[in-house]
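K.L.:
dropping a prediction and its sequence here:
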Amino acid sequence: MKLVQVLRLPVWQQTRVVAGATGLEREVRWVHMVDHPDLLPWVQAGQLLLTTGYTWPREEEGQRALIRALGSRNLAGVGLAVPRFFDHFPEAACDEANQVHVPLLEIPWDLPFAQITEEVHRAILAEQYRMIEQSEAIHRALTRAVLEAESLQDLATTLGKHIERTVLFEDADGQILADAHFEQEEEGPRQATREHSQRSKELLVQLDRLGYMRRLRMGSSALFIPALPDLDFSGGMICPIRLKEELVGFVWITGGRHALSDLDGRAAEHAAVIAALQIARQRELASKEAQFGSTFLDSLLEGRFEATPQALERAQLLGFNLEESYRVGLFLLNEVLPLSQDGFLRRERLASQLRQRLHFLDVAPLLSVSLNRVLFLLPTWCAGERIWSALREKDLALAFGRAQVGVAGIQQSYREVLSLLPYLSMASIHYYETLLLPRVLLGDQEARRFFLEELLGRFKGQRNGKMLLETLLTWARSGFEHTSTAEKLHIHQKTLHYRLARAAELAQLNLADPETRFRLHLAAYLFSLEGKNLA
């Protein structure tokens with residue numbers, strides 16, 4: 001029990017805390033009575049020392065030295081029976097206790113020490129029994145959860161509800177795998193949100209500098225991490241998740257109404273064992289899923305997929321929806337081909353992290369690896385930045401083709417993302433649409449064709465489409481000047497205004513936008529080079 005809890009017992013009603021109040025959160029493991037000239041060998045950490053003061057030094061320096069020595073033994077506190085040998089704790093002792101944060105308690109002389117020890121020991125035993133019961137309840141709940149849970153998220157939710165704290169499961173690199181946010185916790189430095197992976201990584205780096213990571217790698221016990229103001233971290237409990245000798249992740253417990261306790265440490269250790277079982281099961285499933293998913297995606301992208309009822313059923317079981325819109329994503333590693341052993345391991349690690357991230361975002365992990373690339377499908381509703389924010393590295397680039405529907409559409413998106421390879425820069429995310437204009441300016445023929453088609457293709461097959469397109473391009477070539485455009489087309493300016501308004505409506509263009517005008521001017525020049533009639 002903490003000393004502040006012990007002091008709430010009825011036996012302490014007439015006791016006063018006269019110094020060291022900042023240490024009231026110290027744990028009390030036992031109450032010990034010592035009146036001995038050399039009392040230091042007789043006391044241990046966590047003990048609440050009771051004394052009459054009979055053998056205490058009378059000189060100020062001796063009193064300070066004694067308090068400092070007791071503080072170095074990590075005593076929970078010191079209770080002095082007054083008034084008899086001392087009317088009160090000496091001022092020097094109080095001053096030193098405030099500096100070393102050792103609580104000093106003044107106990108009425110007529111209060112028997114035996115009564116204090118009896119009540120405190122009874123309360124400590126009751127608290128220990130309660131902790132054992134709660135620990136067993138948490139263990140049973142987690143054991144039931146692992147039989148029913150479909151993911152680590154279910155385990156995090158179960159544990160968070162039982163201990164009323166924020167719970168996070170992370171992999172060994174600090175990537176959040178699951179989180180359960182304690183709703184009544186005030187907004188704090190380590191909220192369990194899905195976008196805090198970068199902070200988690202920074203925190204693990206800091207823990208490594210402070211020596212905590214060595215203890216976590218070597219052991220399996222939970223550790224309390226104090227506040228780290230530089231990272232805006234208010235403190236928490238961390239426990240390693242191990243599969244045999246491999247460190248596969250961490251359990252974090254933070255927040256709550258009360259300070260973290262041994263119960264939270266036990267809960268973290270229970271959760272780590274259960275999480276290890278869940279991760280082992282997920283790895284086995286992921287291995288099979290990756291094998292089937294990779295084969296399916298390769299056949300889809302390379303044009304070998306046949307949309308038979310049986311094939312479509314297998315695709316649906318893998319999480320692919322033929323009617324959903326997807327982008328083909330491509331991670332490019334800055335590795336020389338053929339891959340070295342380190343390059344191969346890096347590619348496999350990236351594929352594993354991507355698979356975890358997709359699972360975390362509730363996206364079917366349809367991916368495959370080839371050369372220095374990792375390919376995957378991403379539904380349009382999920383932004384590519386949510387992948388990049390978690391996996392970005394300086395020697396890594398991410399690119400996406402356009403959003404497409406159906407087998408042919410996805411194959412088109414695949415061809416588009418492959419066309420971006422010569423233009424990708426490391427440590428960046430790229431989209432086919434955003435790289436289009438730079439590719440046009442660099443003379444990419446495919447980009448030029450798509451640029452013209454995207455900007456002017458809506459005029460195809462439309463009534464008066466050829467006339468409207470000619471008007472729009474002539475206006476661009478004339479520097480967007482109405483008088484000269486009307487003269488070149490031999491039409492009245494009111495007719496020109498009508499045609500431009502109709503062209504803008506048909507092509508969905510804002511003709512007043514400088515960016516649109518730049519594109520139109522470029523398109524007019526390219527269109528003349530193409531010598532093709534889009535209308």
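P.N.:
In hand now; what should we look at?

K.L.:
from H181, how far out is Q278?
P.N.:
Counting by Cβ to Cβ, to the nearest Å, the gap from Q278 to H181 is 20 Å. Using the backbone N, CA and C atoms, a C-beta is placed for each residue, glycine as well.

K.L.:
compare these two (neighbour count), which wins?
P.N.:
Q278 (24 against 17; other Cβ atoms under 10 Å).

K.L.:
secondary structure element for the residue lying closest to L489 once chain neighbours are set aside, which one?
P.N.:
When the adjacent residues along the chain are set aside, L489 lies closest to T474, with 5.9 Å between them (Cβ to Cβ, 6 or more residues apart in numbering). Using DSSP states H and E, T474 sits within helix 465-477.

K.L.:
report all helices and strands that that helix contacts.
P.N.:
Helices and strands touching helix 465-477, as assessed by 3 or more Cβ pairs under 8 Å, 6 or more residues apart in numbering; DSSP states H and E, comprise helix 482-489, helix 493-507, helix 514-530.

K.L.:
send the alpha carbons of stretch 313-328 over as PDB?
P.N.:
This file holds the C-alpha atoms of stretch 313-328, laid out as PDB (Å, rounded to 0.1, in the frame of the first residue of the first chain):
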ATOM      1  CA  GLU A 313     -15.000 -16.500 -54.600                       C
ATOM      2  CA  ARG A 314     -11.300 -17.100 -53.600                       C
ATOM      3  CA  ALA A 315     -10.600 -13.400 -54.200                       C
ATOM      4  CA  GLN A 316     -13.500 -12.400 -52.000                       C
ATOM      5  CA  LEU A 317     -12.200 -14.600 -49.200                       C
ATOM      6  CA  LEU A 318      -8.900 -12.800 -49.500                       C
ATOM      7  CA  GLY A 319     -10.700  -9.500 -49.000                       C
ATOM      8  CA  PHE A 320     -10.800  -8.300 -52.600                       C
ATOM      9  CA  ASN A 321     -14.000  -6.700 -53.800                       C
ATOM     10  CA  LEU A 322     -14.400  -6.500 -57.500                       C
ATOM     11  CA  GLU A 323     -16.700  -3.500 -57.300                       C
ATOM     12  CA  GLU A 324     -14.500  -1.500 -55.000                       C
ATOM     13  CA  SER A 325     -12.100   1.200 -56.200                       C
ATOM     14  CA  TYR A 326      -8.400   0.600 -55.600                       C
ATOM     15  CA  ARG A 327      -5.100   2.200 -56.100                       C
ATOM     16  CA  VAL A 328      -2.000   0.000 -56.800                       C
END
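
K.L.:
tell me the buried residues in that stretch?
P.N.:
A315, L318, G319, F320, S325, Y326, R327, V328 (16 or more other Cβ atoms under 10 Å).

K.L.:
confirm the last one sits in a strand?
P.N.:
Read it as V328. Yes: using DSSP: H, G, I helix; E, B strand; the rest coil, the assignment for V328 is a strand.

K.L.:
who does it bridge with?
P.N.:
Here V328 sits in beta bridges with L377, as judged by DSSP bridges.

K.L.:
could I get the contacting residues of it?
P.N.:
For V328, the residues meeting the contact criterion (Cβ atoms under 8 Å, 6 or more residues apart in numbering) are L301, L375, F376, L377, L378, F400, G401, I410, S413, Y414, E416, V417.

K.L.:
among those residues, which pair sits farthest apart?
P.N.:
Farthest-apart pair in those is F376 and E416; separation 14.8 Å (Cβ to Cβ).

K.L.:
can you map out the strands along the stretch 351-500 of the chain?
P.N.:
Per DSSP state E, counting those that start in this stretch, the stretch 351-500 of the chain carries strands over the ranges 367-370, 373-379, 396-400, 404-405, 428-431.

K.L.:
how about the ones you listed in CSV, adding mean pLDDT and distance to R8?
P.N.:
Conversion of the strands of the stretch 351-500 of the chain to CSV gives the following (pLDDT from 0 to 100; distance: least, Cβ to Cβ, whole Å):
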stretch, mean pLDDT, distance to R8
strand 367-370, 88, 57
strand 373-379, 93, 55
strand 396-400, 93, 56
strand 404-405, 90, 66
strand 428-431, 90, 56
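
K.L.:
and the angle from the helix holding T474 to helix 514-530?
P.N.:
For the pair helix 465-477 and helix 514-530, the angle between their directions (axes from the mean of the first three to the mean of the last three Cα atoms, to 10 degrees) equals 110 degrees.

K.L.:
ramachandran angles for the nearest residue to E393 once chain neighbours are set aside?
P.N.:
Taking Cβ to Cβ, 6+ apart as the measure, E393 lies nearest to A427, with 7.1 Å between them; neighbours along the chain are not counted. Backbone dihedrals for A427, given as degrees, to the nearest 10, come out at phi 60, psi 30.

K.L.:
what is the burial count for A427?
P.N.:
The burial count assigned to A427 is 13, neighbours taken as other Cβ under 10 Å.

K.L.:
for L277, same thing?
P.N.:
Taking other Cβ under 10 Å as the neighbour definition, L277 ends up with a count of 15.

K.L.:
just L48 next, same as before
P.N.:
Residues near L48, counting by other Cβ under 10 Å: 27.

K.L.:
OK, contacts around it?
P.N.:
Each residue near L48 by Cβ under 8 Å, 6+ apart is listed here: L3, V6, V28, W30, V31, H32, L75, A76, G77, V78, G79, V120.

K.L.:
for the fifth one, give me its contacts.
P.N.:
Residues in contact with V31, defined by Cβ under 8 Å, 6+ apart, are Q47, L48, L50, I116, T117, V120, H121.

K.L.:
check which helix or strand covers it.
P.N.:
Secondary-structure assignment from DSSP H and E places V31 in strand 30-33.

K.L.:
repeat that for the last one.
P.N.:
Following DSSP H and E, one finds V120 within helix 113-148.

K.L.:
buried ones in the next helix or strand after that helix, by neighbour count?
P.N.:
If you walk from helix 113-148 toward the C-terminus, the next helix or strand you reach (DSSP H and E) is helix 152-163. If you call a residue buried by 16+ other Cβ under 10 Å, then helix 152-163 has these buried ones: L152, Q153, D154, L155, A156, T157, T158, L159, G160, H162, I163.

K.L.:
which element follows helix 152-163 toward the C-terminus?
P.N.:
strand 166-171.

K.L.:
now that following strand against helix 152-163, angle please.
P.N.:
Following the same axes, to 10 degrees, one obtains 150 degrees for the angle between strand 166-171 and helix 152-163.

K.L.:
between helix 152-163 and the helix or strand following strand 166-171, find me the angle.
P.N.:
Tracing the chain past strand 166-171, the next element assigned as helix or strand by DSSP H and E is strand 176-180. Compare the direction of strand 176-180 with that of helix 152-163 by the same axes, to 10 degrees and you get 40 degrees.
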